[in-house]
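>>> Build me a model from this:
(chains A and B)
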Amino acid sequence: MDLSAINPVLLIASLMVAATPILLAGIGELVVERAGVLNLGVEGMMITGAICGFAIAVNTGSPALGFVAAAGGGALLSLLFALLTQYALANQVASGLALTLFGLGLSSLLGQGYVGIKPPPTDRLDIPVLTDLPVVGRILFGHDLMVYFGIALVALVWAFLKYTRAGLILRAVGESHDAAHALGYKVKRIRVMAIMFGGACAGLGGAYISLVRVPQWTEGMTAGAGWIALALVVFASWKPWRVLIGAYLFGGVTVLQLNLQAAGLAIPVEYLSMSPYLITILVLVIMSADKSRAPASLGRIFHASQ
Amino acid sequence: MLKRTFLTTAAVALAMAATGGAALAQEKTKVGFVYVGPIGDGGWTHEHDVGRRAVEEEFGDKVETVYVENVPEGPDAERVMTQMALDGADLIFTTSFGYMDPTINVAKKFPDVKFEHATGYKTAENVGTYSARFYEGRAVQGLIAGEMTESNIIGYIGSYPIPEVIRGINSAYIHAKKVNPDVEFKIVWAFTWFDPAKEADAAKVLIEQGADVILQHTDSTAPQAAAEAAGNVYTFGQASDMAEFAPKPRISSIIDNWAPYYIEQVKAVMDGTWKSEQTWDGIGPGMVGIGEITDAVPAEVKEEALALKDRIASGEYHPFTGPLKKQDGSDWLAEGETADDGTLLGMNFFVEGIEGEIPQ
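Predicted structure coming up:
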């Protein structure tokens, strides 16, 4: 075993990259669930975002436009879910699963002409002095903008839910849509907006995989990241900062276990492979030992007449 | 379909439909393909689909092909195969190692349907197996990798610890070591055939730990993209040519060429001459191809690699030729002795010099 082969600075830097897709998708889903809607279509929205972002970035040559398109594509797909569940009053679990299947199919259709093409590179942040600092420079200042955007988004969502009136209303809709409705809030409108926000975030997460982390288009390339994001929200007990911790933990252990394997650590590889899941769940379960619980109206269908 | 006709129409109509249907079925041979990844993976599944399209082109109207992508290795595979058999498939190709037991199980239920399982070792009356001697290509790859590495660290992304993958690692290592005695292999097991994000991570980790040549036994082109982003790292196309990454990082490739075999087997089913066989062909018969060695490789290395390829193709040289020892130092092959197919098919040990354990 040669642990000295592992460079902690590079490890932390790549951990942040590995965590960003599930962080973005997770924080979006958190807002959706806090509004009382369970959207299991995260995987489908991510992969749709991945191809939308990829296609636009390739055609325009601008990764920034690609990310905008990814958010748009994810939001558009989630609108389908919103129509089904909020207006047609369809079952949310079934609609969400259908959305994932639909998204996977749609993305491979859209992606037909994009296999084997290279996307334009996404620029890394390069602040003169700061990025050149030893250790912290590479960890803190050497990433592309989406990494910082992900962290900023967590802070924004946290502040929004905790300190703003709109956030309070959103939580009210998630806890008791009947009471919120009685107070005159537009339950459906609020939920549709939350669903679209979740779709946009999932789309960004998907595009981060296809434009930065891999970077190329392959069918089915999200390979389950959406499901991990969903699980993350539950184990983070619907709290923004815990989603961040969970995502970084998951990304961190994923990268670490590959590093340990390459360094020849004498732990059976099977244990290393399952470790990201185990450790993330364990830590978040221990953290949620307080009285946190799911939004009371989560997954329930709302109709003004009932 | 016949059943429905029976329920809705008169007996006369049924008789007509039945003869009509039977005549149609005789005209067209239905061939099913079960894929482990998407056909757009740019690697393993892509090449099987190229084979499928070659079958369609060869036989035109006489054949109908169906395929299902992204079939997990396990009970789901059994369901997909059963459905194909029920839909009237005459021949089903199951194209991943993990479909072995499901194929055998389903084959028992449909004795009239022929099955062809890729890379496995279990056969039955109506189940044949086929695989390519990828390790022959790995030998050529190992030689080039050993010559090209500056850091003397070669990264290897393994999928699952099965004999096929272990053979590849051993063969590449033996031939890298021959041309570069200081070479070291760092092996990462991804435990997946296809997960671009994970494959990219694995490649990045290996590069961060000093590897400047990456060999992969996973199906996507993600490691190629990671190597390209890193700069001075060389890779090889896996299963498919992956020429879009040439001339660098991809400096050569192993190409699986299934088309001739698929055409031959479909023909045998049509003629009624199909029988269960274990086919294992290499560079010689053309089942394994070596993709163009690019100009990033010095001319003399290229020459050396092509010479090795020719010697393997002609049967003059076997990649597993003694003296060779196992990882634990015990003797395996004596001077001049070559490995028999039985040992190779069940290979579950590293050769001497490779560090790390095989996950059991």
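>>> residues contacting the nearest residue to B:Thr294 once chain neighbours are set aside?
With C-beta to C-beta, 6 or more residues apart in numbering or on different chains as the measure, B:Pro247 is the residue that lies nearest to B:Thr294, at 3.6 Å, once sequence neighbours are left out. C-beta coordinates here come from the backbone N, C-alpha and C atoms, glycine included. Under the criterion of C-beta atoms under 8 Å, 6 or more residues apart in numbering or on different chains, the contact partners of B:Pro247 comprise B:Thr294, B:Asp295, B:Ala296.
>>> By neighbours, which of the residues you listed wins?
Tallying neighbours with other C-beta atoms under 10 Å in any protein chain shown puts B:Thr294 at the head of the contacts of B:Pro247, with 18 neighbours.
>>> downstream neighbour of whichever strand or helix holds B:Ala268 in the secondary structure list?
Assigned by DSSP states H and E, B:Ala268 belongs to helix B:259-271. Scanning forward in sequence from helix B:259-271 by DSSP H and E, the next helix or strand is strand B:278-281.
>>> what's the offset of that following strand from the middle of its chain?
Its chain's C-alpha centre lies 12 Å from the corresponding centre of strand B:278-281 when counted by C-alpha atoms, centre = their mean, to the nearest Å.
>>> List the buried residues of that strand.
Applying a neighbour-count criterion of 16 or more other C-beta atoms under 10 Å in any protein chain shown, the buried positions in strand B:278-281 are B:Thr279, B:Trp280, B:Asp281.
>>> Who does that strand pair with, and is each partner parallel or antiparallel?
With DSSP bridges as the criterion, the sheet partners recorded for strand B:278-281 are strand B:127-132 (parallel).
>>> From B:Asp41, how far off is whatever residue of the stretch 201-306 of chain A ends up closest to chain B?
For the stretch 201-306 of chain A, the nearest residue to chain B under the criterion C-beta to the nearest C-beta is A:Glu219, separated by 3.5 Å. Remark: distance between A:Glu219 and B:Asp41 (C-beta to C-beta, to the nearest Å) = 7 Å.
>>> Need the three-state assignment for the closest residue to chain A within the stretch 251-360 of chain B.
When distances are taken as C-beta to the nearest C-beta, the stretch 251-360 of chain B reaches nearest to chain A at B:Pro359, 4.1 Å away. Each residue gets one of three states, and B:Pro359 gets coil by DSSP: H, G, I helix; E, B strand; the rest coil.
>>> what does B:Phe236 give?
strand.
>>> And it, how close does it get to B:Leu143?
If you go by C-beta to C-beta, the gap between B:Phe236 and B:Leu143 works out to 11 Å.
>>> who's more crowded, these two?
When B:Phe236 and B:Leu143 are compared for neighbours, B:Phe236 comes out ahead with 29 against 24, by other C-beta under 10 Å.
>>> Break down the chain into its strands, ranges please.
Picked chain A for this. Here chain A has no strands by DSSP state E.
>>> wait, I meant chain B there
B:29-34, B:63-68, B:91-94, B:114-118, B:127-132, B:153-158, B:184-189, B:213-216, B:234-237, B:250-256, B:278-281, B:288-291, B:324-325, B:331-333.
>>> can you count the residues close to A:Leu10?
A:Leu10 is surrounded by 18 other residues when neighbours are defined as other C-beta under 10 Å.
>>> so what's it scoring on pLDDT?
According to the model's per-residue confidence, A:Leu10 sits at a pLDDT of 81.
>>> Any buried residues in stretch A:264-276, and which?
Applying a neighbour-count criterion of 16+ other C-beta under 10 Å, one finds A:Gly264, A:Leu265, A:Val269, A:Leu272, A:Ser273, A:Ser275, A:Pro276 buried in stretch A:264-276.
>>> Quick one: residues contacting the residue lying closest to B:Thr221 once chain neighbours are set aside.
The shortest distance from B:Thr221 to any residue other than its chain neighbours is 4.5 Å, reached at B:Gly42 (C-beta to C-beta, 6+ apart). With C-beta under 8 Å, 6+ apart as the criterion, the residues that contact B:Gly42 are A:Val115, A:Gly116, A:Thr218, B:Asp219, B:Ser220, B:Thr221, B:Ser240, B:Met242.
>>> Looking at those residues, spot the one nearest A:Glu43.
Closest to A:Glu43 out of those is A:Thr218 (15.0 Å), distances taken as C-beta to C-beta.
>>> Using CSV, write out every CA atom in stretch A:299-306.
As requested, C-alpha coordinates have been extracted for stretch A:299-306 and formatted as CSV (Å, rounded to 0.1, in the frame of the first residue of the first chain):
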residue,chain,number,x,y,z
GLY,A,299,-47.1,13.3,-1.9
ARG,A,300,-50.7,14.1,-1.2
ILE,A,301,-53.0,15.3,-4.0
PHE,A,302,-54.6,18.7,-3.5
HIS,A,303,-57.9,19.7,-4.9
ALA,A,304,-59.7,22.8,-3.7
SER,A,305,-63.0,21.0,-3.4
GLN,A,306,-61.8,18.6,-0.8
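>>> Any idea how far it is from the middle of the chain?
27 Å.
>>> do the same with stretch B:324-341
Between the centre of stretch B:324-341 and the centre of its host chain there is 25 Å, according to C-alpha atoms, centre = their mean.
>>> Please say whether there is contact between it and chain A.
No - judged by C-beta under 8 Å from any C-beta of the partner chain, stretch B:324-341 stays clear of chain A, getting no closer than 12.8 Å.
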